[in-house]
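Colleague: can't give you the sequence, but here's the structure:
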């Protein structure tokens, strides 16, 4: 004869004879087990970074050369160079375009600067609104903007801590809610994972506005988790002014009939478009569509492009692999174009529809995370530093596994290994794979792309699992299920 008892944050099926003392012991055991996992993660994350970065530094000393960037770049060097505040990857093209528009108001800046000068300004003109407050130019402007970037870097760390703790609260993870030490450990793991995350470090080193986009996305996820879809929509709308593929979220919201989210998104987008029409002329979107069409037809073969476009370009040796061409894109190739178009459509569809029928009526923070990753990967050019968007999904996967019940009859060892492997691959620069650039095995250079697909798969599996548990819990709460269809203290009763 078996019965179900509540054991901390888990659902255990135990013999009736074990009812006397096992609940308290189970709570203590769960708390201690979770603490061991968090402590292990807290030292393993920086240890992996130091080991991999140390290997790459040693490799650089053994094989110095002009391709040091491609073959030896690592987390430690990226973090170190970010402190110089000298990266201008986003800032210099933006400042150049702003200066051109000041001298040529209302003219076609994309024809003149992108196609004419070869300057890779790939943002919509609305992105310039984020630097309009800055009157300086040149090196001083770059330094100031990188200081602002540092603030957003810290904000991303804080946002990830809040998101991880919020997910634990949503999961009703008693071992975290009731134990202050475990709560602090989870916060520390979230902070450490973010601080060590290569895409974020690389964005800061380069002087990339992507750092701001990462912060906006993390807080958009947190706001959605906290039941504030309008705030989330505003933050996603601000991202759209810089990264147009985030505009797909308005369709995402429409499919879920999420009126507050859509309303929040429309506000900053409408204001941004109006302000850009006044400041830069109403005709810039036409020129920008030509830019997007050109990029979609060509893409980039340079190894940091972790998209299907980059993968196929490199496989076909269609353009330079290890060296950056500041004024050129990969040559047009119909095979590359076809693969790019097909992958773009499939990823967009996946992002739009996953989680639409979740227990929360489609208003799922996991669906938001999933869509953000899909829309990023769908772009013909998805640089390594664009994959800071993976961080919220990693937080969900960690909390979901911590809250999982051993008595469910399903082994979670594979899921834990998948989480560890995907985080290791995403969080560290594995530049040593670029030695294979000139071989048929250069597919491994796209390890971050494959890792992102792995994160999507793991997120999907764990989300569907939590939604099933939430549905069972709801049936039990309504008295519609069998006696065994009960939930533990409501874990996942409020679905992600």
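Modeller: Yep, that arrived. On a predicted model such as this, the values are computed, not experimentally measured, just so you know. Residues are numbered from 1 along each chain as shown.
Colleague: so who does residue 352 touch?
Modeller: 248, 251, 252, 255, 371 (CB atoms under 8 Å, 6 or more residues apart in numbering). Every C-beta, even on glycine, is put in place using the N, C-alpha and C of the backbone.
Colleague: name the SS class of residue 148, please.
Modeller: Here residue 148 takes the helix state, with states given by DSSP: H, G, I helix; E, B strand; the rest coil.
Colleague: give me the next element, helix or strand, following the host helix or strand of residue 396.
Modeller: Counting by DSSP states H and E, the element that carries residue 396 is helix 391-402. Later in the chain than helix 391-402, the nearest helix or strand by DSSP H and E is helix 413-427.
Colleague: tell me the mean pLDDT over that following helix?
Modeller: Helix 413-427 shows a mean pLDDT of 97 in the predicted model.
Colleague: that older thread, orientation of the helix holding residue 396 relative to helix 413-427 in degrees?
Modeller: 160 degrees (axes from the mean of the first three to the mean of the last three CA atoms, to 10 degrees).
Colleague: poorly predicted segments of the protein, please.
Modeller: 1-27, 65-68, 360-362, 405-411, 473-474, 476-495 (pLDDT under 70).
Colleague: in it, which helix has the most residues?
Modeller: helix 22-62 (DSSP state H).
Colleague: neighbouring contacts of the next helix or strand after it?
Modeller: Once the chain leaves helix 22-62, the next helix or strand it forms, by DSSP H and E, is helix 68-72. For helix 68-72, the surrounding residues in contact (CB under 8 Å, 6+ apart) are 56-57, 59-60, 63, 65, 303, 322-323, 431-432, 434-435, 437.
Colleague: which of these count as buried?
Modeller: For the contacts of helix 68-72, a burial check counting by 16 or more other CB atoms under 10 Å picks out 56, 59, 60, 303, 322, 431, 434, 435, 437.
Colleague: isn't the last one right up against residue 322?
Modeller: Looking back up the chat, that one is residue 437. Yes: counting by CB atoms under 8 Å, residue 437 does reach residue 322; the two are 5.3 Å apart.
Colleague: overlap in contacts of these two?
Modeller: Shared contacts of residue 437 and residue 322, counting by CB under 8 Å, 6+ apart, come down to 70, 303.
Colleague: show me which parts of stretch 110-130 are buried, residue by residue.
Modeller: Quick answer for stretch 110-130 (16+ other CB under 10 Å): 110, 112-114, 119-130.
Colleague: in the residues you listed, find the pair that's most separated.
Modeller: Spanning the widest gap among those are 112 and 130, at 21.5 Å by CB to CB.
Colleague: hang on, residue 262 packs against residue 250?
Modeller: Yes: between residue 262 and residue 250 there is a contact under CB under 8 Å: 6.1 Å.
Colleague: what is the neighbour count of residue 108?
Modeller: By the criterion of other CB atoms under 10 Å, residue 108 has 18 neighbours.
Colleague: let me fix that: residue 294
Modeller: Neighbours of residue 294 (other CB under 10 Å): 16.
Colleague: which non-adjacent residue is nearest it?
Modeller: residue 329 (7.4 Å; CB to CB, 6 or more residues apart in numbering).
Colleague: next: residue 427.
Modeller: Counting by CB to CB, 6+ apart, the residue nearest residue 427 is residue 197, at 5.1 Å.
Colleague: list the contacts for that neighbour?
Modeller: 388, 391, 426, 427.
Colleague: how about a cut-off of 10 Å?
Modeller: 45, 49, 75, 156-157, 160, 203, 214, 387-388, 390-391, 394, 423, 426-428 (CB atoms under 10 Å, 6 or more residues apart in numbering).
Colleague: now list the buried members of those residues.
Modeller: Buried among those (16+ other CB under 10 Å): 45, 49, 75, 156-157, 160, 203, 214, 387-388, 390-391, 394, 423, 426-428.
Colleague: and residue 379, that's in a strand?
Modeller: No: membership of residue 379 in a strand is not supported by three-state DSSP, which gives coil.
Colleague: measure the residue nearest to it when sequence neighbours are not counted to residue 347 for me?
Modeller: Excluding its sequence neighbours, the residue lying closest to residue 379 (CB to CB, 6+ apart) is residue 245, at 5.7 Å. As judged by CB to CB, to the nearest Å, residue 245 and residue 347 stand 10 Å apart.
Colleague: so between the two, which is more surrounded?
Modeller: residue 347 (23 against 20).
Colleague: distance from the chain centre to the strand or helix carrying the more buried one, please.
Modeller: Under the criterion of DSSP H and E, residue 347 resides in helix 334-353. On the basis of CA atoms, centre = their mean, to the nearest Å, helix 334-353 sits 19 Å off its chain's mean C-alpha point.
Colleague: kindly report the same for stretch 387-404.
Modeller: 10 Å.
Colleague: cool, and stretch 367-382?
Modeller: Stretch 367-382 sits 8 Å away from the centroid of its parent chain (CA atoms, centre = their mean).
Colleague: tell me the buried residues in it?
Modeller: For stretch 367-382, by 16+ other CB under 10 Å, it's 367-382.
Colleague: ok, stretch 453-463 next?
Modeller: In stretch 453-463, counting by 16+ other CB under 10 Å, buried: 454, 455, 456, 458, 459, 462, 463.
Colleague: and for stretch 278-290?
Modeller: So, applying 16+ other CB under 10 Å, buried residues of stretch 278-290: 279, 280, 281, 284, 285, 287, 288.
Colleague: redo those as CSV? Include secondary structure.
Modeller: Putting the buried residues of stretch 278-290 into CSV (three-state DSSP) gives the following:
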residue, secondary structure
279, helix
280, helix
281, coil
284, helix
285, helix
287, helix
288, helix
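Colleague: before we move on, the earlier item: from the buried residues of stretch 367-382, which single one is nearest residue 232?
Modeller: residue 368 (7.2 Å).
Colleague: confirm that closest one sits in a helix?
Modeller: Yes: checked against three-state DSSP, residue 368 lies within a helix.
Colleague: who's in contact with it?
Modeller: Per CB under 10 Å, 6+ apart, neighbours of residue 368: 217, 220-221, 223-225, 229, 232, 236, 249, 252-253, 256, 258, 261, 351, 355, 392, 496.
Colleague: and the gap between it and residue 219?
Modeller: According to CB to CB, residue 368 and residue 219 sit 12 Å apart.
Colleague: no further queries at this time; thank you.
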